[in-house]
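*Asks:* Requesting a structural model of the entry that follows:
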Amino acid sequence: MVIMDRIFAYTDESGNSGWDFEKPNVSSHFVIASIIVKESELSTLMNSLESIRQQYFGNGEMKSSSIGKSIDKRRQVLSQLSNLPFSIFAVVYDKRKMINYKGLRYKPSFYKFLNNIVHKELRRAFANVVVMADEIGGSEYMKSFSSYFREKSDIPTLFGDASFYFNKSDNNVCVQLADIIAGTIARKYDELYKKETVTDFIPIIKSKITRIQLYPQTYENYQIENSAIAQGYDRDIANICLKQAVEFVERNKDSKSPDVQAQIVVLDYLLFRFLNNDLRKYIPTKELQSQLSATTYGNVSTQTFRNKIIAKLRDEGVIIASSSNGYKIPSKESELFDFVNHGTTIIYPMIARLRKCRDLIKLGTTNGLDLFEHIENEDLKSVLEHQ
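*Replies:* Predicted coordinates for the structure are as follows:
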């Protein structure tokens, strides 16, 4: 029997949770970087990192902030790191593209959103991984990260195995490496560093990068096969439903109609959840209404929301599944049937009421008036006669 190496993911972050981008210290991006290393190579990596730490940082920790604006020092450190046995997985969030999603402006919600995606991506990529982070000396975010991952940890088996679980890592050189990598990646994307330097350090560590995942996903770069979408999705259904939604946005983005612009606001939010956070599943009506409340469209009643937003989008060919839990863009067959089944609870009672009205009028007029004999009701008559 072949024993698989455990994978360790040492993780740290760069960025903050602020949203006022006019302020000097508010980051435009939030970066979470994981240093991926096999257990069999862990000792070699740590010994080499300790030598680099002593050479460039003396008695202090290896930190991106300690390198600061020194381009030469960062190049030298990264060049030495690029020869070591590890790889890099990172998630980069462009906060500017998420500012319209009100719920994420609250720090706990924002952190939970970030943690959910990193957890999902790591679980999808690795069958047997130990996540390591400094929950004591780390930032407020890393404490949130640690708490989240501990809650999601798998329960070890009788033999001590676990496919995915969390351990803290206080003052660890591998976590310090994650700090340097997160800070280096931030210098490529974050507007905070664009004034500091135009140097792109990514080519130096390019060979170590397994993936840098950009969020939020855009319509152009989104590929369902490479996403952290929920298990059990149907690729064809997901692609069809995504295509219809994106085409509506592209077709109507310049519309002057307040109703159409409101429809785009709601659809953008449904697309955002579809592309970035599949675990949310159905989005409650109130949450979607709250997206409108921050726009010129303002607060709308539930009836208006259904009639002028959801119904009109469906009239335009946008496929939106609904259930008692809310709405979503479907990604699998069962969600399409949720839409069909929900529709039949409305359609069949309405047909029964129409038939009862027709029959009463025919009876009262001794067949003198059939409401469905009018030419504009021929389609309806055909439907009723086949019931």
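*Asks:* Chain neighbours aside, what residue packs nearest to M46?
*Replies:* Leaving aside its sequence neighbours, M46 sits nearest to V173 (Cβ to Cβ, 6 or more residues apart in numbering; 5.7 Å). In short, each C-beta sits where N, CA and C put it, glycine included.
*Asks:* need the contact list for that neighbour.
*Replies:* By Cβ atoms under 8 Å, 6 or more residues apart in numbering, the contact set of V173 is M46, L49, E50, R53, M62.
*Asks:* Filter those down to the ones in helices?
*Replies:* With DSSP state H as the criterion, helices contain M46, L49, E50, R53 from among the contacts of V173.
*Asks:* which among the residues you listed end up buried?
*Replies:* L49, R53 (16 or more other Cβ atoms under 10 Å).
*Asks:* Return the member of the ones in helices among the contacts of V173 nearest to N100.
*Replies:* L49 (41.0 Å; Cβ to Cβ).
*Asks:* For the closest one, give me the pLDDT.
*Replies:* What the model reports as pLDDT for L49 is 96.
*Asks:* Please enumerate the strands of the stretch 151-300 of the chain.
*Replies:* Taking DSSP state E, counting those that start in this stretch as the test, the strands found in the stretch 151-300 of the chain are 164-168, 209-215.
*Asks:* what's the answer for the stretch 1-150 of the chain, then?
*Replies:* With DSSP E, counting those that start in this stretch as the criterion, the stretch 1-150 of the chain has strands at 7-14, 29-38, 87-94, 129-133.
*Asks:* so what strands line up beside the shortest one?
*Replies:* Its sheet considered, strand 129-133 pairs with strand 7-14 (parallel), strand 164-168 (parallel) by DSSP bridges.
*Asks:* cool, and the second one?
*Replies:* The sheet places strand 29-38 alongside strand 7-14 (antiparallel), strand 87-94 (antiparallel), with pairing taken from DSSP bridges.
*Asks:* where in the stretch 101-250 of the chain is pLDDT low?
*Replies:* Along the stretch 101-250 of the chain, the model assigns pLDDT under 70 to residues 124-127, 136-138, 154-170, 196-198, 217-232.
*Asks:* let's go with 50 and repeat that
*Replies:* By pLDDT under 50, the weakly predicted segments of the stretch 101-250 of the chain are 159, 226, 228-229.
*Asks:* all helices of it, in order?
*Replies:* Per DSSP state H, counting those that start in this stretch, the stretch 101-250 of the chain carries helices over the ranges 107-125, 140-152, 173-189, 202-205, 235-252.
*Asks:* of all the ones you listed, which lies closest to K38?
*Replies:* helix 173-189 (12.3 Å).
*Asks:* what pLDDT, on average, does stretch 81-91 get?
*Replies:* pLDDT averaged over stretch 81-91 gives 91.
*Asks:* list the buried ones in that stretch?
*Replies:* L81, L84, F86, S87, I88, F89, A90, V91.
*Asks:* which one of those residues is nearest I181?
*Replies:* For the buried residues of stretch 81-91, the nearest to I181 is I88 (5.7 Å; Cβ to Cβ).
*Asks:* Distance of the closest one relative to Q213?
*Replies:* As judged by Cβ to Cβ, to the nearest Å, I88 and Q213 stand 11 Å apart.
*Asks:* what residues go with each domain of the protein?
*Replies:* 7-215, 224-331, 335-385 (automatic domain parsing).
*Asks:* from what I can see A182 touches H29, true?
*Replies:* No: checked against Cβ atoms under 8 Å, the pair A182 and H29 is beyond contact range at 10.6 Å.
*Asks:* got the buried residues for the one helix or strand F337 maps to?
*Replies:* Using DSSP states H and E, the element containing F337 is helix 333-364. Buried residues in helix 333-364, defined by neighbour count with 16+ other Cβ under 10 Å: E335, L336, D338, F339, L354, R358, K362.
*Asks:* before we move on, what about stretch 7-19?
*Replies:* Buried residues in stretch 7-19 (16+ other Cβ under 10 Å): I7, F8, A9, Y10, T11, D12, E13, S14, G15, N16, S17.
*Asks:* ok, now stretch 253-261?
*Replies:* Buried-residue list, stretch 253-261, by 16+ other Cβ under 10 Å: V260, Q261.
*Asks:* And the helices in the stretch 251-387 of the chain?
*Replies:* 258-276, 285-293, 302-304, 311-315, 333-364, 378-385.
*Asks:* For those helices, give me CSV that also has distance to E41 and mean pLDDT.
*Replies:* Converted to CSV, the helices of the stretch 251-387 of the chain look like this (distance: least, Cβ to Cβ, whole Å; pLDDT from 0 to 100):
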stretch, distance to E41, mean pLDDT
helix 258-276, 33, 84
helix 285-293, 45, 84
helix 302-304, 57, 92
helix 311-315, 52, 93
helix 333-364, 43, 79
helix 378-385, 68, 67
